[in-house]
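*Asks:* Just a sequence and a predicted model for now, questions to come.
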Amino acid sequence: MPMRHPGYADAAFAEIDRVVDRRKDELAYLESDAFLQDIESAGLRLGRFSELGAKK
């Protein structure tokens, strides 16, 4: 599923954004257990940009 800009939108935004309905679907996926399971299955982990330069 290609990600765009997940989130919620009102009616005014829906008039100018043809993929507004997909935004809600994408946000729901990112908030779901399925997303966390997919990340783990792929051998990935979530992190913060600030961790990229951190030394351990």
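*Replies:* Cool, the structure landed.
*Asks:* ok, and what's touching the helix or strand of the chain with the lowest mean pLDDT?
*Replies:* Lowest by mean pLDDT, DSSP states H and E among the helices and strands of the chain is helix 11-16, with a mean of 81. With contact meaning CB atoms under 8 Å, 6 or more residues apart in numbering, helix 11-16 is reached by 20-21. To be clear about C-beta, it is placed using only N, CA and C from the backbone, and glycine gets the same treatment.
*Asks:* what about residue 15, how many residues close to it?
*Replies:* 10 (other CB atoms under 10 Å).
*Asks:* Spatially central residue for this protein, please.
*Replies:* Most central in the chain under CA atoms, centre = their mean is residue 30, positioned 4.5 Å from the mean C-alpha point.
*Asks:* show me what contacts the closest residue to it other than its chain neighbours?
*Replies:* Excluding its sequence neighbours, the residue lying closest to residue 30 (CB to CB, 6 or more residues apart in numbering) is residue 6, at 5.6 Å. Residues near residue 6 by CB under 8 Å, 6+ apart: 23-24, 26-27, 29-30.
*Asks:* Next step: the residues you listed restricted to helices.
*Replies:* 23-24, 26-27, 29-30 (DSSP state H).
*Asks:* Need the distance between the two termini of stretch 10-19.
*Replies:* Terminal residues of stretch 10-19 lie 13 Å apart, using CA to CA, to the nearest Å.
*Asks:* swap that for stretch 5-14, sorry
*Replies:* Terminal-residue distance, stretch 5-14 (CA to CA): 13 Å.
*Asks:* in that stretch, what's buried?
*Replies:* residue 9 (16 or more other CB atoms under 10 Å).
*Asks:* shift numbering so it begins at 546
*Replies:* Let's use 546 as the start, then, which means that last one is stretch 550-559.
*Asks:* Now find how far off-centre that stretch is within its chain.
*Replies:* Centroid separation for stretch 550-559 versus its chain: 15 Å, with CA atoms, centre = their mean, to the nearest Å.
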